[in-house]
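**Q** Predicted model and sequence below, questions to follow.
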Amino acid sequence: MTSRRPASRTLGAGLFALIDDFMSWLLYGYETWLVALLKGVPLFLYVYFLLTYVPNYVYYLVTQYIPFLGFSPDVGFIIAQGVGGGNFLVLQMLFVYLLLIPLLAFNMAGGTIVPLPGQSPFPLQAIAFGTLVAGLGLASLVYLYFEFRRVTRREALLAESRSTALQAR
């Protein structure tokens, strides 16, 4: 007798179950130091940027830089706070690894989305560094997925052996 999850009736239900299991492991599972680093640093940056930089960008976009919106500062503040109050889930994790951290690297290398007069917004080193960091983020996500599968497989085998031992009594 094996201990397996029942086959899902639809692909969507199976995908949601996999995402739920992965996020539970990501937030509450035990791991090696490398996995803890790959999980902890982006989580810290996610919280830091989601509470400070991203709402600030949204505020200026909806109040100044997108002409057809032109909201008042009060409405811009409310929208920015709504953006900054999300929960950590898979789409936001992808956002952090593939967009937010590379954007930070792009900015650190001299790039900018809103240039000053006479400033080059997209210097080659900024584009290259942001792309490199995005590639590393993608590699980190792939590694985390394989580590998740390895850990959960080991835990399933351990649960199966305990169950078999209890049934044998």
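**A** That came in fine, so what should we check first? Residues are numbered from 1 along each chain as shown.
**Q** Please enumerate the helices of this structure.
**A** 11-28, 33-51, 53-60, 73-83, 90-95, 101-108, 124-168 (DSSP state H).
**Q** could these be laid out in TSV, adding distance to Gly118?
**A** Every C-beta, even on glycine, is put in place using the N, C-alpha and C of the backbone. As requested, the helices of the chain are exported to TSV (distance: least, CB to CB, whole Å):
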stretch	distance to Gly118
helix 11-28	44
helix 33-51	28
helix 53-60	21
helix 73-83	28
helix 90-95	32
helix 101-108	18
helix 124-168	16
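**Q** Mind putting these into a markdown table with mean neighbour count?
**A** Formatted as a markdown table, those follow (neighbours: other CB atoms under 10 Å):
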| stretch | mean neighbour count |
| --- | --- |
| helix 11-28 | 13 |
| helix 33-51 | 15 |
| helix 53-60 | 17 |
| helix 73-83 | 14 |
| helix 90-95 | 15 |
| helix 101-108 | 19 |
| helix 124-168 | 14 |
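**Q** Tabulate those helices in JSON lines, adding columns for distance to Leu116 and mean pLDDT.
**A** As requested, those are arranged in JSON lines below (distance: least, CB to CB, whole Å; pLDDT from 0 to 100):
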{"stretch": "helix 11-28", "distance to Leu116": "39", "mean pLDDT": "77"}
{"stretch": "helix 33-51", "distance to Leu116": "22", "mean pLDDT": "75"}
{"stretch": "helix 53-60", "distance to Leu116": "15", "mean pLDDT": "84"}
{"stretch": "helix 73-83", "distance to Leu116": "22", "mean pLDDT": "86"}
{"stretch": "helix 90-95", "distance to Leu116": "27", "mean pLDDT": "77"}
{"stretch": "helix 101-108", "distance to Leu116": "14", "mean pLDDT": "90"}
{"stretch": "helix 124-168", "distance to Leu116": "15", "mean pLDDT": "88"}
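**Q** Go through those helices and name the closest to Val114.
**A** Among the helices of the chain, helix 53-60 comes nearest to Val114, with 7.9 Å by CB to CB.
**Q** for that closest one, packing partners?
**A** helix 73-83 (3 or more CB pairs under 8 Å, 6 or more residues apart in numbering; DSSP states H and E).
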